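> output the structure for:
(2 chains)
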There are 2 protein chains.
Amino acid sequence: MTAFGFQVEATSGAARAGRVSTAHGEIETPVFMPVGTAGTVKAMLPGSVKATGASIILGNTYHLMLRPGAERVASLGGLHRFMNWPGPILTDSGGFQVMSLAGLRRLDEDGVTFASHIDGQKVKLTPESSTEIQDLLDATITMAFDECTEYPAPHQKAAESMRLSMRWAERSRNAFRARAGYGQFGIVQGSTFEDLRQESAEALTGIGFEGYAIGGLAVGEGQDEMFQALDFTTPMLPADRPRYLMGVGKPGDLVGAVMRGVDMFDCVAPTRSGRNGQCFTRRGTVNLRNARHRDDPRPLDDECACPACTDYSRAYLHHLIKAKEILAAMLMSWHNLHYYQQLMRGMRAAILGDTLPDFAESFASAQRAGDIPPL
Amino acid sequence: MTAFGFQVEATSGAARAGRVSTAHGEIETPVFMPVGTAGTVKAMLPGSVKATGASIILGNTYHLMLRPGAERVASLGGLHRFMNWPGPILTDSGGFQVMSLAGLRRLDEDGVTFASHIDGQKVKLTPESSTEIQDLLDATITMAFDECTEYPAPHQKAAESMRLSMRWAERSRNAFRARAGYGQFGIVQGSTFEDLRQESAEALTGIGFEGYAIGGLAVGEGQDEMFQALDFTTPMLPADRPRYLMGVGKPGDLVGAVMRGVDMFDCVAPTRSGRNGQCFTRRGTVNLRNARHRDDPRPLDDECACPACTDYSRAYLHHLIKAKEILAAMLMSWHNLHYYQQLMRGMRAAILGDTLPDFAESFASAQRAGDIPPL
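Numbers count the residues shown, from 1 in each chain, chains lettered A, B, ... in the order given. Sure, this is the predicted structure:
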């Protein structure tokens, strides 16, 4: 059996290129994890997700526990088999979605009680039950159950919330069933306060996890605040463990965060934006719903190797979006995931070649230059 | 340049196995044409449509003329290039959709004036404009513009409607621009009246087309009436030209119609039903939305080679449907199209081996036996 592990292969400034070993395969970092909320990366076949270069995906404990149910997934052989993704899967703890999606929440020391957004049924999540559910799902990487502190939060409130999450982190760790090739990550909280992040990082490293996530960012604080928080938070985390910035982000966020020492990311942006006709490209964001593309025979990006760019014109993609065709969601999601993976591969190569600052400058200048002019 | 042509390779009773040669490739018959209404077979990539075994698809003139517009498709290189389907494409004439989808229709000797279902814009279709639009789309097979007679219709009304369609057929033929490898099909009308079908068939063969379609069936008359109409209609059509039964049908319709001498079919059933969780299988129709599949680890059909059947459990497919995931539509459409193509391949092989009656009996008995029992 493969042991769960992380090797740093190269650094460039604070950025690292590494390799996570798991029971379900290796993950080259920095890595972007497509989000497979309810047991599917929306509008994508697993083979297509793999074809974009993705090596690990994320599943949402909150969604899966409510439907189809963790016990059912377990009895069907676990999430890998259920959704036909044999590679590594990271599951979140469910805490974030409880706060953003469920109704009638009540939080106490023990956990969170809430009403399902599907049928209103009353459900309770605790560090212990969240960990057990992730075990039933057969998550390669389990996340500790935490409270994602709202932004903005006064220091006192951020401190109380973070300390609750740290008590929950310890309970999550105690509930985690160690298995070869499986890991559990703790989540640093503390909002944008350096002293609280420090206290949180020390608490978590004191407990000891296979990796460390940074939570409570990308919640409305803006990119500058987020980068500042990363500047002081990533150095608090052990260099020999992967660092995961949760729920981030747009392409520029990824580049900035990798330069600040983050190894792992997840975000619904590529798939959600794809379903809305918004495409991420090396020339910035292109909204194919816009009428300027109606007669444009050119590809979205003539250097992109995804099917949307190699097989179709902007005019066709625009047509699919206007006609509300499912193929629009399929092709745009594919393109966006392909672009994200391409970006991560580019950063990894630049770290290995110690040219990351050049890469970042080229990236930023191409993004600033914007899309090709209309015909 | 390949000439448009049809070769009968074998017969079994009234059934024929043949080969249509076109500018865009060969079509083995009997053939089922997936419907690509608005320039996409819904929820399918063209490569996946091809992978099911499809050799020709259908495009809807009505939808495409309204959005994105025939001139636009032409300026983008034609429908094949626009939608990335290099193979043969048959386009309908638009007449049927005008009657079923458009508002405020007015029909006169010249054609049909109607209000677009998209923006209410007033549009006119005539035999000449329908033919020109299909030319702009670069249709491999163009359909004559006709009126699909309502069912039931009294003899007098069916006769008048059919005779209008025959005058329109002559105008359609005059408007058709002959090109090597391209063809145009006339459409027999006459409701369920043998004398009218005879008059219509004679009118069309007098004009002369590359193929002959049977219209005005599958409009509510039921399978028995439809088969009776086929029994007397197909022998009226030239043996050396392909015969196309429009808008048909369910698997049992296809088998019965092939046995009555039909070569070509189209129907939205596999894709539309697929989007609703209804699956066609050799054991009959299976509705995966049904709760009996919730915990079922077995594939939809353990002998089917499509991705839905080889990679997933019924429980997973049920989950996708309940969660309204796009992947549900993708996988169910793929399965249904795969099943239809498999069925057509089976019939073709049976005609070539002169075992079609046995094939039809096995088909009917497996359909009657129904789905595997719940676990």
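> dihedrals phi and psi, the residue of the stretch 101-250 of chain A found nearest chain B?
Across the stretch 101-250 of chain A, no residue is closer to chain B than A:Ile118, which sits at 9.1 Å (CB to the nearest CB). Every residue, glycine included, has its C-beta placed from N, CA and C. Taking degrees, to the nearest 10, you get phi -90, psi -50 for the backbone angles of A:Ile118.
> contacts only, for it.
Residues near A:Ile118 by CB atoms under 8 Å, 6 or more residues apart in numbering or on different chains: A:66-67.
> which of the three states applies to the residue in the stretch 151-300 of chain A that chain B sits nearest to?
In the stretch 151-300 of chain A, the residue that lies nearest chain B is A:Pro297 (5.6 Å; CB to the nearest CB). Reducing the assignment at A:Pro297 to three states with DSSP: H, G, I helix; E, B strand; the rest coil gives coil.
> wait, it touches B:Leu76, no?
Yes: A:Pro297 lies in contact with B:Leu76 (CB atoms under 8 Å); the separation is 5.6 Å.
> got a pLDDT number for the residue of the stretch 101-250 of chain A closest to chain B?
For A:Ile118, the pLDDT comes out at 90.
> ok, back up a step: contact partners for the residue of the stretch 151-300 of chain A closest to chain B?
Shown in contact with A:Pro297 (CB under 8 Å, 6+ apart): A:313-315, B:76-77.
> hmm, which of those are the buried ones?
In terms of neighbour count (16 or more other CB atoms under 10 Å in any protein chain shown), the buried residues within the contacts of A:Pro297 are A:313-315, B:76.
> want to throw those into CSV with secondary structure?
Shown next, in CSV, are the buried ones among the contacts of A:Pro297 (three-state DSSP):
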residue, secondary structure
A:Ser313, coil
A:Arg314, helix
A:Ala315, helix
B:Leu76, coil
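> near chain B, which residues of the stretch 151-300 of chain A?
The stretch 151-300 of chain A comes close to chain B at residues A:294-295, A:297, as judged by CB under 8 Å from any CB of the partner chain.
> show me where the stretch 1-150 of chain A has helices.
Using DSSP state H, counting those that start in this stretch, the helices of the stretch 1-150 of chain A run over A:46-51, A:61-66, A:70-75, A:79-83, A:95-101, A:127-137.
> and the contacts of the shortest one?
Taking CB under 8 Å, 6+ apart as the criterion, the residues outside helix A:79-83 that touch it are A:24, A:36, A:39-40, A:46, A:59, A:64, A:73, A:76, A:85-87, A:89, A:91, A:137-139, B:313, B:315-316.
> over to the fifth one?
Helix A:95-101 is contacted from outside by A:60-63, A:105, A:112, A:114, A:117, A:125, A:130, A:145-148, A:215, A:246-247, using CB under 8 Å, 6+ apart.
> the residue lying closest to A:Pro299 once chain neighbours are set aside in helix, strand or coil?
Leaving aside its sequence neighbours, A:Pro299 sits nearest to A:Cys309 (CB to CB, 6 or more residues apart in numbering or on different chains; 4.6 Å). Following three-state DSSP, the label given to A:Cys309 is helix.
> check contacts around A:Cys309.
Residues counted as contacts of A:Cys309 (CB under 8 Å, 6+ apart) are A:299-302, A:335.
> and with 10 Å instead?
Shown in contact with A:Cys309 (CB atoms under 10 Å, 6 or more residues apart in numbering or on different chains): A:279, A:281, A:298-303, A:317, A:331, A:334-335, A:338-339.
> are any of the residues you listed buried, and which?
Among these, those buried by neighbour count (16+ other CB under 10 Å) are A:279, A:281, A:299-301, A:317, A:331, A:334-335, A:338-339.
> out of those residues, which sit inside strands?
Among the buried ones among the contacts of A:Cys309, the members falling in strands (DSSP state E) are A:279, A:281.
> what would the buried ones among the contacts of A:Cys309 look like in a markdown table with pLDDT?
Below are the buried ones among the contacts of A:Cys309 laid out as a markdown table (pLDDT from 0 to 100):
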| residue | pLDDT |
| --- | --- |
| A:Cys279 | 98 |
| A:Thr281 | 98 |
| A:Pro299 | 98 |
| A:Leu300 | 98 |
| A:Asp301 | 98 |
| A:Leu317 | 98 |
| A:Leu331 | 98 |
| A:Trp334 | 98 |
| A:His335 | 98 |
| A:His338 | 98 |
| A:Tyr339 | 98 |
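> let's have the buried ones among the contacts of A:Cys309 in a markdown table, adding distance to B:Asp371.
Formatted as a markdown table, the buried ones among the contacts of A:Cys309 follow (distance: CB to CB, whole Å):
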| residue | distance to B:Asp371 |
| --- | --- |
| A:Cys279 | 42 |
| A:Thr281 | 47 |
| A:Pro299 | 45 |
| A:Leu300 | 43 |
| A:Asp301 | 46 |
| A:Leu317 | 39 |
| A:Leu331 | 34 |
| A:Trp334 | 34 |
| A:His335 | 39 |
| A:His338 | 39 |
| A:Tyr339 | 43 |
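> domain map for chain A?
Domain ranges of chain A: A:7-267, A:276-366, per automatic domain parsing.
> can I get these in TSV with distance to B:Gln97?
As requested, those are exported to TSV (distance: least, CB to CB, whole Å):
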stretch	distance to B:Gln97
domain A:7-267	27
domain A:276-366	14
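> which of these sits closest to B:Ser200?
Ranking the domains of chain A by distance to B:Ser200, with CB to CB as the measure, places domain A:276-366 first at 34.6 Å.
> contacts only, for A:Ala350.
Each residue near A:Ala350 by CB under 10 Å, 6+ apart is listed here: A:10, A:12, A:15, A:17, A:255, A:258, A:356-360, A:362-363.
> please check those and keep the buried ones.
A:12, A:15, A:17, A:255, A:258, A:356, A:359-360, A:363.
> out of these, which are inside strands?
Using DSSP E, these in strands are A:12, A:15, A:17.
> can you put those in CSV and add pLDDT?
Converted to CSV, those look like this (pLDDT from 0 to 100):
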residue, pLDDT
A:Ser12, 97
A:Ala15, 98
A:Ala17, 98
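> returning to that earlier point: compute the distance between the residue of the stretch 151-300 of chain A closest to chain B and A:Leu288, please.
Shown here: A:Pro297 relative to A:Leu288, a distance of 14 Å by CB to CB, to the nearest Å.
> find the residues that touch each one of these two.
Taking CB under 10 Å, 6+ apart as the contact rule, A:Pro297 and A:Leu288 both touch A:314-316.
> list the buried residues of the lengthiest helix in chain A.
If you go by DSSP state H, chain A has its longest helix at helix A:326-352. Across helix A:326-352, burial judged by 16+ other CB under 10 Å covers A:326-344, A:346-348, A:350-351.
> same check, this time on stretch A:38-55
Quick answer for stretch A:38-55 (16+ other CB under 10 Å): A:38-46, A:48-49, A:51-55.
> next up, the contacts around the residue nearest the centre of chain A.
Against the mean C-alpha coordinate of chain A, by CA atoms, centre = their mean, the closest residue is A:Asp266 at 1.0 Å. By CB under 10 Å, 6+ apart, A:Asp266 lies in contact with A:31-36, A:56-58, A:90, A:92, A:213, A:244-249.
> and the strands in the stretch 51-200 of chain A?
Using DSSP state E, counting those that start in this stretch, the strands of the stretch 51-200 of chain A run over A:57-59, A:89-91, A:103-107, A:112-115, A:122-125, A:141-143, A:183-188.
> please identify the buried residues of the longest one?
Using 16+ other CB under 10 Å as the test for burial, strand A:183-188 gives A:183-188.
> so it versus helix A:127-137, what angle?
Using axes from the mean of the first three to the mean of the last three CA atoms, to 10 degrees, the direction of strand A:183-188 lies 140 degrees away from that of helix A:127-137.
> for the residue lying closest to A:Gly346 once chain neighbours are set aside, what are its contacts?
Closest residue in space to A:Gly346, ignoring its immediate chain neighbours: A:Phe359 at 6.2 Å, by CB to CB, 6+ apart. If you count contacts by CB under 10 Å, 6+ apart, A:Phe359 has them with A:12, A:15, A:255, A:258-259, A:343, A:346-347, A:349-351, A:353.
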